[in-house]
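Chemist: fold the stuff below for me.
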Amino acid sequence: TTAQKKLEDDVPEKLKSARLQEIIDLQQQLSHESNKEDIGKTFEVLVEGSSKKSEDFLMGRNSQNKVLVFPKKNYTKGDYVQVTVSDCTPATLIGSAIQ
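Modeler: Residues are numbered from 1 along each chain as shown. Here you go, the predicted structure:
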């Protein structure tokens with residue numbers, strides 16, 4: 001912006017970091033609240049592959065682009081699976097596939 005060229009950056013790095021952390025904390029809180037509302041709901045999930053944390057779980061996304069993880073069965077990348085959410089973290093919905 002033109003302000004960047006005209007104004008001196010007089011905000012200390014420590015304050016910038018604190019402000020950023022405050023925003024990150026608030027976003028995690030809001031995401032967790034939103035994810036908690038999905039517990040008990042069933043979503044159609046497009047399987048993207050194995051979970052980052054465990055080869056025993058698959059991960060995919062629903063139509064809202066939320067990440068869901070669920071136990072691996074006979075599903076493969078590209079499959080659509082109905083998953084009922086039983087738990088969550090601020091970033092991930094955790095559930096199980098409905099047969």
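Chemist: where does pLDDT dip in the protein?
Modeler: Within the chain, the ranges that satisfy pLDDT under 70 run 1.
Chemist: now the strands for it?
Modeler: Assignment of strands within the chain using DSSP state E yields the ranges 42-50, 57-61, 67-71, 80-88, 92-97.
Chemist: give me the residues contacting stretch 83-99.
Modeler: For stretch 83-99, the external contacting residues (C-beta atoms under 8 Å, 6 or more residues apart in numbering) are 28-29, 31-32, 35-36, 38-45, 59-60, 62, 66-71, 73, 75, 81-82. Every C-beta, even on glycine, is put in place using the N, C-alpha and C of the backbone.
Chemist: which residues are in contact with K16?
Modeler: K16 neighbours (C-beta under 8 Å, 6+ apart): none.
Chemist: hey, which helix is longest across the chain?
Modeler: helix 13-36 (DSSP state H).
Chemist: and that helix, how far out from the chain's middle?
Modeler: 14 Å (C-alpha atoms, centre = their mean, to the nearest Å).
Chemist: next one: stretch 72-83
Modeler: How far stretch 72-83 lies from its chain's middle: 19 Å, per C-alpha atoms, centre = their mean.
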